[in-house]
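1. Quick one: sequence plus predicted model below, questions after.
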Amino acid sequence: EVAISYRGLDFAHWTLEGPTFGLGDAREPLTERVRPRVIRFLRDLDRYRSPLSPNTGHPLYRAAPERWLEALILEDSACVSGHLDPRFMYSSVPALAAGDRGVLDILGVTLQGRLAVIELKASEDIHMPIQAVDYWLRVRRHQQCGDFQRFGYFVGREISAEPPLVWLVAPALRFHPAIDTILRYLSPQIAITRIGVCENWRRGIKVVLRQ
């Protein structure tokens with residue numbers, strides 16, 4: 001399946017059954033009959049899913065904020081860290097653990113070859129560090145088994161045997177207050193860094209906190 005998205009918002013898909021159009025589960029076949037609605041939608045998408053949207057309360061502006069944040073980081077990884085290798089940034093990476101499937105926000109690698117698990121949130125979420133640690137455990141297992149190279153990730157890039165880094169990325173004022181307490185109870189083997197970005201990140205990501 002191929003998804004077509006704009007600033008992280010999927011609005012069309014192409015499967016073996018053919019192309020479909022629509023947000024979420026509200027998909028319908030992409031035929032000539034829906035062409036006028038598609039054109040109107042694309043115009044609205046360009047107008048409202050924009051950092052300069054005339055209506056920041058519009059559903060297209062508010063929808064899937066973490067996917068929008070993800071799209072900006074994938075477009076320019078240096079906006080969160082100059083240590084990332086921009087050639088190897090993967091989104092929606094499947095990671096298995098005991099038959100359970102998880103999907104990472106972003107998996108990258110530093111210029112020194114160390115894996116980096118990047119967990120994104122656009123609003124407060126007390127579960128953020130726990131989710132990130134869960135993904136760290138999955139990535140660590142795949143790393144030790146050599147799965148990433150076997151499945152075509154990081155081609156031509158030597159990966160360090162060091163444990164992956166974990167970066168929690170969110171607007172600086174949106175980290176849940178309890179996160180500091182949670183982090184104190186985690187294993188020191190898991191190197192976690194909080195990266196706080198500016199509140200108006202849609203207009204361009206600027207890091208204002210790194211700890």
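-> Yep, it's here.

2. What residues sit buried inside the helix or strand where residue 135 lies?
-> Counting by DSSP states H and E, the secondary-structure element that holds residue 135 is helix 128-145. When neighbours are counted by 16 or more other CB atoms under 10 Å, the buried residues of helix 128-145 are found to be 128-129, 131-140, 142-143. C-beta here means a position set from N, CA and C on the backbone, and glycine is covered the same way.

3. who's in contact with it?
-> Applying CB atoms under 8 Å, 6 or more residues apart in numbering, the set of residues contacting helix 128-145 from outside is 95-97, 102, 104, 107, 115, 117, 119, 121, 148, 159, 161, 163-164, 166, 168, 170, 175-176, 179, 182-183, 186, 190, 192.

4. switch to 6 Å and redo it
-> Where contact means CB atoms under 6 Å, 6 or more residues apart in numbering, the residues beyond helix 128-145 that reach it are 95, 97, 102, 104, 117, 119, 121, 148, 163-164, 166, 168, 179, 182-183, 190.

5. Okay, and which of those map to helices?
-> Here DSSP state H is the test, and these give 148, 179, 182-183 as lying in helices.

6. Can you tell me which of the buried residues of helix 128-145 comes closest to residue 23?
-> Within the set of the buried residues of helix 128-145, residue 131 lies nearest residue 23; the separation is 24.6 Å, counting by CB to CB.

7. Distance check, that closest one against residue 69.
-> The spacing between residue 131 and residue 69, counted by CB to CB, to the nearest Å, is 15 Å.

8. Could you do residue 110 as well?
-> With the distance defined as CB to CB, residue 110 ends up 20 Å from residue 69.

9. for residue 121, same thing?
-> Between residue 121 and residue 69 the distance, using CB to CB, works out to 9 Å.

10. between these two, which one's more packed in?
-> For residue 121 versus residue 69, the count of surrounding residues by other CB atoms under 10 Å is larger for residue 69: 25 against 21.

11. Return the distance of the residue of the chain most remote from its centre relative to residue 72.
-> In the chain, residue 33 marks the outermost C-alpha relative to the chain mean, sitting 34.2 Å out by CA atoms, centre = their mean. Using CB to CB, residue 33 is found at 35 Å from residue 72.

12. likewise residue 118?
-> Note on residue 118: its distance to residue 72, by CB to CB, is 12 Å.

13. what about the two, which has more around it?
-> Neighbours of residue 118 and residue 72, each counted by other CB under 10 Å, are more numerous for residue 118; the result is 26 against 19.

14. got a list of what that one touches?
-> Residues counted as contacts of residue 118 (CB under 6 Å, 6+ apart) are 105-106, 167.

15. Could you rerun that using 7 Å?
-> In this structure, residue 118 makes contact with 105-106, 108, 167, 169, judged by CB atoms under 7 Å, 6 or more residues apart in numbering.

16. so, if you compare the residues you listed, which one comes nearest to residue 197?
-> Within these, proximity to residue 197 (CB to CB) peaks at residue 169, which comes in at 6.6 Å.

17. and that closest one, how far is that from residue 144?
-> With CB to CB as the criterion, residue 169 and residue 144 are 25 Å apart.

18. Alright, calling it a day.
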